[in-house]
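Q: next one to model:
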Amino acid sequence: MRFKVALLILLMGTPGLVHAQSFGDLMGQAVRAKNAGNYEKCLEHLEQAFPLATDEDAPTILNNIGRIQELLGQYADAFATYSKVMNDSRTPADMKNVNAARLIAIQGKLNSAWLMGSLEPQSAQFWLAGEPLTLDSDAEAEVEFVKGEGPLEGFDAEQKLASLRFLNLPLGLRSSVHEDLEAGAENGGHLSLADVSRTGAELSINGYTLKSDLASVNKVRLATGHYVLNFSNTTDTTKGLSFDLAAGDEVRLSDLLANHRQEMEAAASAAVAQRQSRSSGSVLPWILVGSGLALGGGGGYFMWKAAEERAKITGEADENNHVATLTRPQADEIKADADTYQMTGNVLVGVGVATVLSGVGYWLFFSGEDAPSTGAQTSFWFIPGATTEVGIGVRF
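A: Predicted structure coming up:
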């Protein structure tokens, strides 16, 4: 890119000399910095020179600022700067034509993050959001990171080390990423996989499943923070292991698994104790079932008694093969007794069945916490006669 440098030829000692020299010096420094590949310094000098530019030079200087922003990967800033140049009435037509094409190209980069940098050592494997990643520090190629948020994973088989960190990069900007698995943790820690069977293992950290060969990994390097793990191998699957990692810490997966097993065993013991308490915490269901069976038995007796009385009326032989001869009043009296017995039996059986079902329902639907207190007392009564009365009562 050629920079247009406006040089004002002024007589030495005139009042405008300091202003002209300052602008010229800044522009000269910007050109030298660009030629040396120091775009950050070039941008700094251009931004300092822009307020000193004349109306004629201002669109050109602003356009150069946009170009350097683009080269630096500051795509959102470059888009805004080029747009200002396009909307400036002082901008020449040929410059607007060039910038129109630049705006179209940059607009396609505004909704993604972009990466350049280095990944060390070269023998290691790297993944970005689960996809293989290659960065060449000697090349100008950049890698698109569509969402800007996601995991960067590395694996060095020689060191038996994996690394994982979660990136959150701004959109419309190229970021520099340098990952060196041979360096220290740097304000992070490690998750140790030692003493854990990793045959056929799978490990996910904060929802991301590692691509590294876990059978060859002894440690996973992590930044400080809170983590939730899911781990599985050929014999077991464990979910929801959580821990906090401070700088310099080393958390052992074997300890997390052991603590989780203890918690699960304690929870299972508590559940068993609760079920036992629920089943033995109250005598009420036993009272209800027992009372219901007693009422049903009593009802069965009265129904048998009714059948026996009706046999006298129909002339059926008794156990001695005798057939009774009855008068009409006697037959009517026996029939009335049989009807009373039958009705009483029906009522008792009905109440007994309902009482048994109540006891069974108590077991099925009431928890130990909801169950009434122990010490319940129950009673039932039966008053035969022209109007038979049957009842059951429970007192706590």
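
Q: now do the SS call for Thr235.
A: Secondary structure assignment for Thr235 (DSSP: H, G, I helix; E, B strand; the rest coil): coil.

Q: what sits against Asn346?
A: Gly299, Met303 (Cβ atoms under 8 Å, 6 or more residues apart in numbering). Glycine gets a C-beta too; all of them are placed from N, C-alpha and C.

Q: that one sits in which helix or strand?
A: Here Asn346 is covered by helix 328-365, with elements defined by DSSP states H and E.

Q: buried stuff in that helix?
A: For helix 328-365, the neighbour count (16 or more other Cβ atoms under 10 Å) marks 334, 337-338, 340-345, 347-349, 351-352, 355-356, 358-359, 362 as buried.

Q: count the neighbours of Asn38 for me.
A: 13 (other Cβ atoms under 10 Å).

Q: quick one, phi psi at it?
A: phi -90, psi 80 (degrees, to the nearest 10).

Q: show me where the stretch 151-300 of the chain has helices.
A: In the stretch 151-300 of the chain, the helices defined using DSSP state H, counting those that start in this stretch lie at 253-280, 284-314.

Q: give the other helices and strands that the longest one contacts.
A: Packed against helix 284-314, as judged by 3 or more Cβ pairs under 8 Å, 6 or more residues apart in numbering; DSSP states H and E, are the following elements: helix 328-365, strand 377-383, strand 389-395.

Q: worst mean pLDDT among these?
A: Comparing mean pLDDT over the helices and strands packed on helix 284-314, the weakest stretch is strand 377-383, at a mean of 48.

Q: shaky segments in the chain?
A: Residue ranges of the chain with pLDDT under 70: 1-21, 137-140, 185, 275-282, 315-326, 363, 366-396.

Q: domains for it, by residue range?
A: For the chain, whose domains are defined here by automatic domain parsing, the residue ranges read 17-107, 113-273, 281-395.

Q: save the helices of the stretch 151-300 of the chain as a markdown table, and put in mean neighbour count too.
A: What follows is these, written out as a markdown table (neighbours: other Cβ atoms under 10 Å):
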| stretch | mean neighbour count |
| --- | --- |
| helix 253-280 | 12 |
| helix 284-314 | 17 |
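
Q: can you redo the ones you listed as a markdown table with distance to Leu193?
A: Output for the helices of the stretch 151-300 of the chain, formatted as a markdown table (distance: least, Cβ to Cβ, whole Å):
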| stretch | distance to Leu193 |
| --- | --- |
| helix 253-280 | 5 |
| helix 284-314 | 52 |
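
Q: for those, which one sits closest to Leu71?
A: For those, proximity to Leu71 was assessed by Cβ to Cβ; helix 253-280 is nearest, at 45.7 Å.

Q: in terms of secondary structure, what does the closest one contact?
A: Judged by 3+ Cβ pairs under 8 Å, 6+ apart, helix 253-280 is in contact with strand 188-192, strand 225-232, strand 237-245.

Q: let's see that with 6 Å instead.
A: If you count contacts as 3 or more Cβ pairs under 6 Å, 6 or more residues apart in numbering; DSSP states H and E, helix 253-280 packs onto strand 237-245.

Q: just confirm Ala306 contacts Asp339, I think it does.
A: No: counting by Cβ atoms under 6 Å, Ala306 sits too far from Asp339 to count as a contact (7.3 Å).

Q: returning to that earlier point: now the helix holding Asn346, how far from the centre of its chain.
A: Distance of helix 328-365 from its chain centroid, counting by Cα atoms, centre = their mean, to the nearest Å, is 59 Å.

Q: please apply the same query to stretch 294-309.
A: 64 Å.

Q: same question, stretch 203-212
A: 14 Å.

Q: now the end-to-end length of that stretch.
A: Separation of the first and last residues of stretch 203-212 by Cα to Cα, to the nearest Å is 9 Å.

Q: make 467 the first number, not 1, from now on.
A: Renumbered: residue one is now 467, and that last one reads stretch 669-678.

Q: which outside residues touch it?
A: Under the criterion Cβ atoms under 6 Å, 6 or more residues apart in numbering, residues Trp593, Pro617, Phe621, Ala628, Leu680, Tyr693, Val694, Leu695, Asn696, Phe697 lie in contact with stretch 669-678.

Q: can you point out the buried residues in that stretch?
A: Leu669, Ile671, Tyr674, Leu676, Lys677, Ser678.

Q: so which of those belong to strands?
A: Using DSSP state E, Leu669, Ile671, Tyr674 are the members of the buried residues of stretch 669-678 that sit in strands.

Q: measure the first one to Asp661 for me?
A: Using Cβ to Cβ, to the nearest Å, one obtains 15 Å as the distance from Leu669 to Asp661.

Q: can you get me a residue count around the closest residue to Leu723 other than its chain neighbours?
A: Spatially, and ignoring its direct neighbours in sequence, Leu723 is nearest to Thr704 (6.0 Å; Cβ to Cβ, 6 or more residues apart in numbering). By other Cβ under 10 Å, the residues close to Thr704 number 16.

Q: list the contacts for Thr547?
A: Going by Cβ under 6 Å, 6+ apart, Thr547 touches Ile531, Gly532, Gln535.

Q: change it to 10 Å
A: Thr547 makes contacts with Leu528, Asn529, Asn530, Ile531, Gly532, Arg533, Ile534, Gln535, Glu536, Gln540, Asn565, as judged by Cβ atoms under 10 Å, 6 or more residues apart in numbering.
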